[in-house]
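1. No letters, just coordinates:
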């Protein structure tokens, strides 16, 4: 009997004949071509569980949750309570060192620690699902994509609507010529304007705190700071408000921008922008601006024309003339407009419900609907990664794609920091017209931390 043809039943029978040769069936030995069979469950660990990570955890409950890690045992208490049999950690390095039964991890920590955790997990041979943005700067994005290729683990960035129906319809319509050549896209997020439930994302009231309250019991502040410059603990940073701070977050560009620009980059097959220009409003030295307009210029590619993409953050763009009076534009939190030579597509910020406007154009499209040419993703984004880890190996938002999309968004953040235009030399990973801007391409790590 060869290793190639060994089945679960044959293995168990052989093991029984061999008396006590094996007491536990190794999980991977039973899979075809060395891969884990789909019937097997992954042993997964969650790292960062108090916010988005708690939602991620619900999507992986069908697998074996063997370990949970969060620097704040109180903030993540609900996750630990739901999984009392999972080993608890406050330091991901200890988890990766001690948890020998681990197949994969998901990461939902603040942006500034994504790269060091994901890199360590991949080098330990673990498959990785990491929330967006993939990294806090451009160098980290390039490096994670490189490590993923070297280690050959399965990766996925947490842009769940990339696996949805809406983004596929949008690309199919554009490729079918439903709106002609697309030369301009407008996208926006209004969230820095204090909408209900999102107060913590606004930097309006944030200034670097001067008081130094005691670190709460159950919070490992040194690991929370990670590779960033050390700051004394303060509730202005954790929990929730970290997104607005330059040290730790990536603003709405790194949050909703990654989601929203995903459909733009993917459907228009965009490379990296040649130039990026930002105009900011109500900024301060420590946080991202309250409102900003960022304009990306992309070159022609694959017989497609150059494209200007304008991102409005904390602002709404001008209302398109073809949108009917009284009809909402996008949704309350943001949206996308694709302007083509023959028409316009409008969608919510997640590209979940694209529509041609005005509505009569949508009715015409319904009569002559473009064919569905793109494969769909059964079960969605999380299920796709789980299947990949078990042997399928394919994900739509692998770190190659995730790094590319993250680089575009972080270029927007660099333009915000210089409040002007930058020109990007992608091959050499440098800004060519503003030497000072290059300090933001690779953020220095504090002593003791490395990628």
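-> Nice, I can see it. Please read these numbers as outputs of a predicted model, since none were measured by experiment. Numbers count the residues shown, from 1 in each chain.
2. Please, where are all the helices along the stretch 251-400 of the chain?
-> Ranges of helices in the stretch 251-400 of the chain, per DSSP state H, counting those that start in this stretch, are 251-254, 256-268, 359-367, 381-387, 399-418.
3. by contact count, what packs against the shortest one?
-> Same thing as helix 251-254. strand 307-313, helix 399-418 (3 or more CB pairs under 8 Å, 6 or more residues apart in numbering; DSSP states H and E). C-beta: built from backbone N, CA, C; applies to glycine.
4. Over it, what's the mean pLDDT, rounded is fine.
-> Average pLDDT, helix 251-254: 94.
5. Between the helices and strands packed on helix 251-254, which one is closest to residue 61.
-> helix 399-418 (23.8 Å; CB to CB).
6. and that closest one with helix 256-268, angle?
-> 120 degrees (axes from the mean of the first three to the mean of the last three CA atoms, to 10 degrees).
7. Can you name the element that comes right after helix 399-418?
-> Note on helix 399-418: by DSSP states H and E, the next helix or strand toward the C-terminus is strand 421-425.
8. re the thing from before, how about the helices and strands packed on helix 251-254, which one is nearest residue 72?
-> helix 399-418 (25.1 Å).
9. Show me what counts as buried in the closest one.
-> Neighbour-count burial for helix 399-418, with 16 or more other CB atoms under 10 Å as criterion, is recorded at 399, 401-418.
10. any weak-confidence spans in the stretch 101-250 of the chain?
-> For the stretch 101-250 of the chain, the stretches flagged by pLDDT under 70 are 193-206.
11. want to try a markdown table for the helices of the stretch 251-400 of the chain, with distance to residue 98 as columns?
-> Putting these into a markdown table (distance: least, CB to CB, whole Å) gives the following:
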| stretch | distance to residue 98 |
| --- | --- |
| helix 251-254 | 32 |
| helix 256-268 | 32 |
| helix 359-367 | 56 |
| helix 381-387 | 24 |
| helix 399-418 | 25 |
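12. so which of the ones you listed gets nearest residue 218?
-> helix 251-254 (27.6 Å).
13. Break this structure down into its domains, please.
-> 3-160, 163-374+397-440 (automatic domain parsing).
14. distance between the longest one and the chain's centre?
-> When C-alpha coordinates are averaged (CA atoms, centre = their mean, to the nearest Å), domain 163-374+397-440 and its chain have centres 12 Å apart.
15. correct me, but residue 297 touches residue 308?
-> Yes. Applying CB atoms under 8 Å, one finds residue 297 in contact with residue 308, separated by 5.8 Å.
16. How many residues are close by the nearest residue to residue 398 once chain neighbours are set aside?
-> Closest residue to residue 398 apart from its sequence neighbours, by CB to CB, 6 or more residues apart in numbering: residue 155 at 5.0 Å. Look at residue 155: counted by other CB atoms under 10 Å, it has 31 neighbours.
17. Residue 155 bridge partners, please.
-> residue 128 (DSSP bridges).
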